[in-house]
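>>> would you be able to build a 3D model of this:
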Amino acid sequence: MHVGRRFAAVSFAVLVLAAGGRCASAAPRRVHTVFLSAPRRVPYSKAGDPSGARADETQLRIRALLVDGQVKEWTTGEVHEVTDRSFLVRRALRLNDALPGEKPGAAKETWVWQRGPWLLVDRATGHVTALKLPDYDPGVSQVSWFRDYGAYCGLTSTGKSLYAVVAQLAARRPVLAKKLAAFEPGNQTGPPCATPQWQRDPMRITFNPAGQDAVSFDLVPGSAILVEESDEEADTAQPKPN
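Predicted coordinates:
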């Protein structure tokens, strides 16, 4: 009996020491800081961004997206909170507009700003993902976000048809894709479609194509399929092969 109790005590001590060793060797979870800086204005025009700027725009309001103190992207427009850790914001691109052989410091500005794709930002991991929305066109599509759904007027690859589109984050196919009208860029004097309007109960989206009556579609609500992953594996150092 004494031997059994002594063996049990030794075994328990070994288990405690082993567990303590694993806890001590485990790398602490990295805490990321993600935030947007104060806004500033930059020159912006139809000539610099023919697909995204209005004729009367002369400035673009931008903010830096900082991850762990480093500028990850430049952004523009309002933020849409998807979950308590993920949000959406539109990217602002700075492109080199210099012609071949044009020297720096010429009278013409060689860098121009353009509105870019939407970004999905995860505060927990610091990951930033550029979204590829179906039939999205920066000069036509004004995205209205609700939950993890984005509604907008899309333009087909041929550029001849205007579509009502509802996309869900992480879904391969759009939830809704209905033709609204033929699209003729030469006849457009203003935005071809106003920003769509959402209704919660029942879940409904209303599109307002220019020169036409509003069109509404009822949607069947579905569960969010956005997967927010942990970055524990990414932060764990991997041994190098010999």
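>>> and the next helix or strand past the worst-scoring helix or strand of the chain on mean pLDDT?
Here the helix or strand of the chain ranked lowest by mean pLDDT, DSSP states H and E is helix 2-25, holding a mean of 49. With elements assigned by DSSP states H and E, the helix or strand that comes after helix 2-25 is strand 34-36.
>>> give me the contact list for the helix or strand following that following strand.
Once the chain leaves strand 34-36, the next helix or strand it forms, by DSSP H and E, is strand 40-43. By Cβ atoms under 8 Å, 6 or more residues apart in numbering, the residues outside strand 40-43 that reach it are 58-63, 109, 113. For every residue, glycine as well, the C-beta is placed using N, CA and C.
>>> inside strands: which ones of those residues?
Counting by DSSP state E, the part of these found in strands is 59-63, 113.
>>> and those residues as JSON lines, adding distance to R204 and pLDDT?
Shown next, in JSON lines, are the ones in strands among the contacts of strand 40-43 (distance: Cβ to Cβ, whole Å; pLDDT from 0 to 100):
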{"residue": "Q59", "distance to R204": "36", "pLDDT": "96"}
{"residue": "L60", "distance to R204": "33", "pLDDT": "96"}
{"residue": "R61", "distance to R204": "31", "pLDDT": "97"}
{"residue": "I62", "distance to R204": "34", "pLDDT": "98"}
{"residue": "R63", "distance to R204": "32", "pLDDT": "98"}
{"residue": "W113", "distance to R204": "36", "pLDDT": "96"}
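>>> got those as a markdown table, with neighbour count and distance to V166 columns?
A markdown table is the format used below for these (neighbours: other Cβ atoms under 10 Å; distance: Cβ to Cβ, whole Å):
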| residue | neighbour count | distance to V166 |
| --- | --- | --- |
| Q59 | 12 | 32 |
| L60 | 22 | 27 |
| R61 | 13 | 27 |
| I62 | 20 | 28 |
| R63 | 19 | 27 |
| W113 | 24 | 29 |
